[in-house]
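Peer 1: what's the 3D shape of this:
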Amino acid sequence: MGSYVIRIKLLPEDTTTDHQKIVDSVAGLLPKPSQIRGKRIEPIAFGLSAIIVDVVAPEEDGIVDKVEEIVSKAPLVGQYELLGVSRMSTTLPTG
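Peer 2: Next up, the predicted model:
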């Protein structure tokens, strides 16, 4: 079985909120064994920055919807946008 990589753009409720606190608030709510694998900061304007995170989640029915619901209710997250979902294999081809 593989995994999904779910890329999400997070916008903070407040421009003064520490980006790591936002990432930690989302990571703490994710169902196990889902985890945040990577993040980057994307400046927008006037001191506002978005945080792009890659969530790795097991390939199971409804997991993308579950992750979206968690992100939408996470503390410190003002808005979010699902940027994409990709399947990630956990095994390498032999040969």
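Peer 1: every contact and neighbour count from this point should use C-alpha atoms.
Peer 2: Fine.
Peer 1: need the CA coordinates for stretch 66-79. CSV is fine.
Peer 2: The C-alpha trace of stretch 66-79 is given here as CSV (Å, rounded to 0.1, in the frame of the first residue of the first chain):
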residue,chain,number,x,y,z
LYS,A,66,-10.2,14.0,6.9
VAL,A,67,-7.0,16.0,6.6
GLU,A,68,-8.9,18.9,5.0
GLU,A,69,-11.4,18.9,7.9
ILE,A,70,-8.6,18.9,10.5
VAL,A,71,-6.8,21.7,8.8
SER,A,72,-9.9,23.8,8.6
LYS,A,73,-10.4,23.5,12.3
ALA,A,74,-6.8,23.9,13.4
PRO,A,75,-6.0,26.7,15.8
LEU,A,76,-4.1,29.7,14.3
VAL,A,77,-5.2,28.8,10.7
GLY,A,78,-7.3,31.5,9.1
GLN,A,79,-7.7,30.0,5.7
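Peer 1: give me the residues contacting it.
Peer 2: 10-14, 17, 21-22, 25-26, 29-30, 80, 82 (CA atoms under 8 Å, 6 or more residues apart in numbering).
Peer 1: swap in 6 Å and give it another go.
Peer 2: 11-13, 22, 26 (CA atoms under 6 Å, 6 or more residues apart in numbering).
Peer 1: and the residues you listed, which is closest to Ser3?
Peer 2: Each of those was checked against Ser3 using CA to CA; the closest is Val26, at 18.7 Å.
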